[in-house]
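Visitor: compute the structure for the input listed below.
(2 chains)
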Amino acid sequence: MKTRTRFAPSPTGYMHIGNLRTALYEYLIARAAGGDFILRIEDTDQKRYVEGATDIIYKTLKRVGMNWDEGPDIGGNYGPYIQSERKPIYAEYAHKLVDLGGAHYCFCAHKEEDEDEENNATHAKLKDPCKNIPIEEARRRIAAGEPFVVRQNINKKGTSLFHDEVYGDIEIDYDELDEGVLLKSDGLPTYNFANVIDDHLMEITHVVRGNEYISSTPKYNLIYEAFGWTPPTYVHVPQVMKDAQHKLSKRNGDASFQDLVAKGYLPEAVLNYIALLGWNPGDEREIFSLQELEKIFSTKRLNKSPAIFDITKLTWMNGCYIRNLSPEAFHQLALPFYDDLPSTLDFKALSAAMQPRIEVLNQITTETAFLKKVPEYDLSLYENKKMKTDADIARTALQLVLPVLKNVKYWNNDDLFTILKENAVINNMKNGQILYPMRIALSGLETTPGGATELAVILGKDETVHRIEDALIKLNGG
RNA sequence: GGUCCCAUCGUCUAAUGGUUAGGACAUCACCCUUUCACGGUGGCAAUAUGGGUUCGAGUCCCGUUGGGAUCACCA
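Guide: Below you'll find the predicted structure:
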């Protein structure tokens, strides 16, 4: 049987990191087996539907290179792939399930968000009064237009046993299961029911989902059983946590995939990082492309315990990806972050300086602020013990260097560095006594991305001369 | 609360019952160096706890503690 997995997000307008990881594992299981990866949109909750949310899902998956073989946009042999368009299918199977004894009709009024514990227990196993309504009477009431839901029957006794690829064999007592709603009064199925029907009809072989579904898995199996269908292979994965106590969630404003990308995390790096949250390749490699993961992924190396999303490690990994970029590729990614900078800068040189120094693209903004304007600084900045400089030496050095720079023919790093070094020797000064003050004059900062000559190249000859003149005025008490 | 699940450095993790418990991030120190960064070298740092089983337990069993999940006409 061909391996088929599906990513079945609900369009709530947000690509949660944990969701993306689930999608990744589903994708990898399919690809590792040469199978198909299906995209299905689960929009059975109209209240939560967000306009444009499906586009975010498409865009995100495409951005990381997880292409699907069947889906709402490209079709396939098992469509439709949007649950709201499958409404008649669920109704048909729901009634069928009632006929098969796996469910019953229930006419109880729906109590909205009722916190009353009594009410919560009302429909627990065997307590639903509607379960005793004769089927003929139920059908009559439905025909008469009375609102109804289809509720699952849990008639079994004893314990349910099922196997999970990650957690092994799990036993749950049937008494623990509630007779939940399968088909809502609006005629749409609940997640529990829609999943079983769709996964079966779409011939899904592996179901990957968060481990919060472990306790309800026996309910799914009961439905499969009632229909005489074979349940899929279950792969429950541990949660992605924000910290030891809380999982990552939209409500807390935790980073989503699109938030991370907007900050300048590369999609490839994010994907690489989340692949390793709860999975490892069995050796000590950490940097993987999606293509490499497709070859080596196995559910056997999936972890059981929750993993905390560590932005610090992702940031490091993103830095690795940035440094591995070709200079041209990096330059293209950096360009949007140069918008506010003077157009006279040598942007290629700036990119060359930025690439090894940043780990997230948006760090470019703060790193380059001094290129717009020299920040206010104190003359004490010219004092540096190791460089053996102070404001007086700085004044001498800059006065010395100014005419030299004005005469430089080839404004590039190597020539500038050679010339300035020669001048240090001629004037019996140390390199640092010239380069350090020059760097301060050009930046007004204690630390800068690149040295004096690199900054000079980035700023260009005119601005460099200009900034040194300004510094001299400042050093002379102006 | 009932039930289910989980437990190795701060974090992500490795370890056919036999290793000085390994790697990575972070952190610290040093080297490189026109500052910073990159790069390089090294340091600090873990088997939650109590009992078993075993010649030998991070690994198997039981208890304890801690944490998570679930008990919706949400997924």
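
Visitor: nearest to RNA strand B: which residue in chain A?
Guide: residue A:451 (2.4 Å; Cβ to the nearest atom of the strand). No exception for glycine: its C-beta is placed from N, CA and C like everyone else's.

Visitor: thinking that residue is in contact with residue A:435, fair?
Guide: Yes: between residue A:451 and residue A:435 a contact is recorded at 6.3 Å, counting by Cβ atoms under 8 Å.

Visitor: higher neighbour count, those two?
Guide: Neighbour comparison, residue A:451 and residue A:435: the larger count goes to residue A:435, with 22 against 17 (by other Cβ atoms under 10 Å).

Visitor: with adjacent residues omitted, what lies nearest to the more buried one?
Guide: Taking Cβ to Cβ, 6 or more residues apart in numbering as the measure, residue A:435 lies nearest to residue A:452, with 4.4 Å between them; neighbours along the chain are not counted.

Visitor: contacts only, for the one you found.
Guide: With contacts defined as Cβ atoms under 8 Å, 6 or more residues apart in numbering, residue A:452 is in contact with A:420, A:434, A:435, A:436, A:438, A:439, A:442.

Visitor: these in helices, which ones?
Guide: A:420, A:434, A:435, A:436, A:438, A:439, A:442 (DSSP state H).

Visitor: those residues: which ones sit near RNA strand B?
Guide: The subset of the ones in helices among the contacts of residue A:452 lying close to RNA strand B, counting by Cβ under 7 Å from any atom of the strand, consists of A:435, A:436, A:439.

Visitor: quick revisit: can I get the contacts of residue A:452 in JSON lines including pLDDT and distance to residue A:93?
Guide: JSON lines is the format used below for the contacts of residue A:452 (pLDDT from 0 to 100; distance: Cβ to Cβ, whole Å):
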{"residue": "A:420", "pLDDT": "94", "distance to residue A:93": "80"}
{"residue": "A:434", "pLDDT": "94", "distance to residue A:93": "82"}
{"residue": "A:435", "pLDDT": "95", "distance to residue A:93": "77"}
{"residue": "A:436", "pLDDT": "95", "distance to residue A:93": "77"}
{"residue": "A:438", "pLDDT": "96", "distance to residue A:93": "77"}
{"residue": "A:439", "pLDDT": "96", "distance to residue A:93": "73"}
{"residue": "A:442", "pLDDT": "97", "distance to residue A:93": "73"}
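
Visitor: phi and psi next, for residue A:183.
Guide: Per-residue torsions, residue A:183: phi -120, psi 120 (degrees, to the nearest 10).

Visitor: verify the contact between it and residue A:152 for me.
Guide: No: the pair residue A:183 and residue A:152 fails to qualify as a contact (Cβ under 8 Å) at a distance of 9.9 Å.

Visitor: and residue A:141, which of the three is it?
Guide: Recorded secondary structure, residue A:141: helix (DSSP: H, G, I helix; E, B strand; the rest coil).

Visitor: what is the burial count for the residue nearest to it when sequence neighbours are not counted?
Guide: In space, residue A:141 comes closest to residue A:107 once its chain neighbours are excluded; the distance is 6.4 Å by Cβ to Cβ, 6+ apart. A count of neighbours around residue A:107, defined by other Cβ under 10 Å, yields 15.

Visitor: from residue A:140, how far off is residue A:107?
Guide: Shown here: residue A:107 relative to residue A:140, a distance of 11 Å by Cβ to Cβ, to the nearest Å.

Visitor: please apply the same query to residue A:198.
Guide: Residue A:198 is 31 Å from residue A:140, where distance means Cβ to Cβ.

Visitor: with residue A:103 instead?
Guide: Distance of residue A:103 to residue A:140, given as Cβ to Cβ: 18 Å.

Visitor: which of the two has more neighbours?
Guide: When neighbours are counted by other Cβ under 10 Å, residue A:103 comes out ahead of the other of residue A:103 and residue A:140, with 28 against 11.

Visitor: wait, that one sits on residue A:189?
Guide: No: between residue A:103 and residue A:189 there is no contact under Cβ under 8 Å: 11.5 Å.

Visitor: find residues that contact each of those two.
Guide: With the criterion set as Cβ under 8 Å, 6+ apart, the overlap between the contacts of residue A:103 and residue A:189 is A:94, A:182.

Visitor: for the stretch 251-400 of chain A, what lies in contact range of RNA strand B?
Guide: A:276-278, A:280, A:282, A:284, A:286, A:301, A:303-308, A:310, A:312-313, A:316, A:319-320, A:323, A:356-357, A:387.

Visitor: sitting in strands, which of those residues do you find?
Guide: By the criterion of DSSP state E, membership of those in strands covers A:307, A:308.

Visitor: what's the PyMOL line that selects buried ones from the residues of the stretch 251-400 of chain A next to RNA strand B?
Guide: To isolate in PyMOL the members of those that are buried, counting by 16 or more other Cβ atoms under 10 Å, one can use:
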select buried, chain A and resi 276+277+278+307+308+319+387
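
Visitor: now do the strands in the stretch 51-200 of chain A.
Guide: Secondary structure of the stretch 51-200 of chain A by DSSP state E, counting those that start in this stretch: the strands cover A:103-106, A:149-152, A:159-164, A:168-173, A:181-183.
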